[in-house]
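Chemist: Next come a sequence and a model predicted from it.
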Amino acid sequence: MRITRKGTGSSRLGRSNGLRRSRFGAVLGVIAAITLVLAGCSVDNSGDDSKPTIRLAYQSFPSGDLIVKNNGWLEEALPDYNIKWTKFDSGADINTAFVAKEVDFAAIGSSPVARGLSAPLNIPYQVAFVLDVAGDNEALVARNGTGIDTVADLKGKRVATAFASTAHYSLLAALNQAGVNPKDVDLIDLQPQASLAAWQRGDIDAVYTWLPTLDELRQDGKTLIASRQLATAGKPTLDLGVVSSDFATANPEVVNTWRQVQARALTLIKDDPQAAADAIAAQLGTTPEDAANQLKQGTYLTVAELTSPTWLGTQGNPGNLSENLHSAAVFLAEQQQIPAAPPIETFREAIYTEGLPGVLEQQ
């Protein structure tokens, strides 16, 4: 079973302006539904009621998180806990699940995190890991035969993306860069697989999404811009590992272990890409060759890079990742996606640097 990003299992169509008016009031209204859905969409690898449960939200994009899940590294490292993995399509529903206190850790994009740390959500979680930096694995593709050759050509066209995702953020950034007012584009809120179905029916003209759906769209479309280019232009997006602040305070040793197995996965991607591709292929239901190709389209940091000033930083000295998140929040506020960007200090406090860099060297 799949949980869609917007939390109901069915894709919703609507212009971005309508969603903007209703999103904030709707968040709490769907918490009960999210709670019910979570019960039927998770993988609990222990089931021992005498053990405490660690609840992880994961997504089906190529990352070290899927390697950790596939290889059972967290279960192996934490035998005294139940490990419960729940699949989400992306960040908006994960944020809602955090509001509902239904998850402890999550793989989530940087734009949803910037949104989550801002009002009205104000989610008490912290960034403890960088899973990947978006490159060619997230892009805007126009369907062949639509006459769309540039981002500027999207004016008056129907363009799908999953709202409140990194793809949505990147789409807005691409439109801004091209001088196109988002109000002049028919923005449609669709999950990746729903956007593929709409594409095949000819209902939409372009899609900004991520792997593996992205590769299917490319077979009958033209890439207009990828997140790698937007990163160069100052609008980078990332996939992050976050942890509930309350959970981190109560279980710092578990957070350390979780970071260590995530670092082990990054090392595997660098040192044994075939083994990494095999694990990710098993999780995505694809071939190792396809998984390897998907991995090549993203950017995966080394353990040393993770704790550099550019990214997480070290204990007591959060890195520039906080600046990246603040910049994303400022942009979201400019686009009227959130009421206002919080001060930079909010984002600095949201970088979990306890024990860095030493804890990651113990993988």
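Modeler: Received it, and whenever you're ready, just let me know what you need.
Chemist: Every contact and neighbour count from this point should use C-alpha atoms.
Modeler: Will do.
Chemist: Can you get me a residue count around the closest residue to Gly298 other than its chain neighbours?
Modeler: Closest residue in space to Gly298, ignoring its immediate chain neighbours: Gly135 at 4.9 Å, by Cα to Cα, 6 or more residues apart in numbering. A count of nearby residues for Gly135, using other Cα atoms under 10 Å, gives 23.
Chemist: what's the pLDDT at Gly135?
Modeler: For Gly135, the pLDDT comes out at 93.
Chemist: element containing it, please.
Modeler: For Gly135, there is no host helix or strand (DSSP states H and E).
Chemist: what's near enough to touch it?
Modeler: Contact analysis of Gly135 by Cα atoms under 8 Å, 6 or more residues apart in numbering lists Ala226, Ser227, Arg228, Gln229, Ala231, Gln297, Gly298, Thr299.
Chemist: Sketch out the low-pLDDT regions of this protein for me.
Modeler: 1-47 (pLDDT under 70).
Chemist: Would you map the strands across it?
Modeler: 42-44, 53-58, 82-87, 105-109, 125-133, 138-143, 158-161, 186-189, 206-210, 221-226, 238-244, 313-314, 317-318 (DSSP state E).
Chemist: For the longest one, what is the distance to the chain centroid?
Modeler: So that's strand 125-133. 10 Å (Cα atoms, centre = their mean, to the nearest Å).
Chemist: same check, this time on stretch 285-295
Modeler: 19 Å.
Chemist: likewise stretch 121-134?
Modeler: That offset, for stretch 121-134, works out to 9 Å (Cα atoms, centre = their mean).
Chemist: With stretch 227-240 instead?
Modeler: 13 Å.
Chemist: Show me what counts as buried in it.
Modeler: Ser227, Arg228, Gln229, Leu230, Ala231, Lys235, Pro236, Thr237, Leu238, Asp239, Leu240 (16 or more other Cα atoms under 10 Å).
Chemist: Closest to Leu56 out of those residues?
Modeler: Leu240 (13.1 Å; Cα to Cα).
Chemist: wait, what's in contact with that closest one?
Modeler: Ala107, Ile108, Gly109, Ser110, Val127, Ala128, Phe129, Val130, Leu131, Asp132.
Chemist: List the beta-bridge partners for it.
Modeler: In this entry, Leu240 is beta-bridged to Ile108, Val130, by DSSP bridges.
Chemist: on that earlier part again, and which of the contacts of Gly135 is nearest Val151?
Modeler: Ala226 (11.2 Å).
Chemist: How about the contacts made by that closest one?
Modeler: Gly135, Asp136, Asn137, Glu138, Ala139, Leu140.
Chemist: is it in a bridge, and if so with what?
Modeler: With DSSP bridges as the rule, Ala226 is bridged to Ala139.
Chemist: For it, give its distance to Gly145.
Modeler: As defined by Cα to Cα, to the nearest Å, Ala226 lies at a distance of 20 Å from Gly145.
Chemist: Then Leu230?
Modeler: 25 Å.
Chemist: follow-up on the earlier one: select, out of the strands of the chain, the one closest to Thr287.
Modeler: Using Cα to Cα, those put strand 206-210 closest to Thr287, at 17.7 Å.
Chemist: got the angle between the closest one and strand 138-143?
Modeler: 150 degrees (axes from the mean of the first three to the mean of the last three Cα atoms, to 10 degrees).
Chemist: which residues sit against strand 206-210?
Modeler: 61, 137-143, 157-162, 167-168, 170-171, 192, 195, 199.
Chemist: export the contacts of Ala226 to JSON lines and tack on distance to Ile94?
Modeler: As requested, the contacts of Ala226 are exported to JSON lines (distance: Cα to Cα, whole Å):
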{"residue": "Gly135", "distance to Ile94": "22"}
{"residue": "Asp136", "distance to Ile94": "24"}
{"residue": "Asn137", "distance to Ile94": "21"}
{"residue": "Glu138", "distance to Ile94": "19"}
{"residue": "Ala139", "distance to Ile94": "22"}
{"residue": "Leu140", "distance to Ile94": "23"}
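Chemist: Out of those, which end up buried?
Modeler: Gly135, Asp136, Asn137, Glu138, Ala139, Leu140.
Chemist: can you give me the offset of stretch 177-191 from its chain's centre?
Modeler: With Cα atoms, centre = their mean, you get 20 Å for stretch 177-191.
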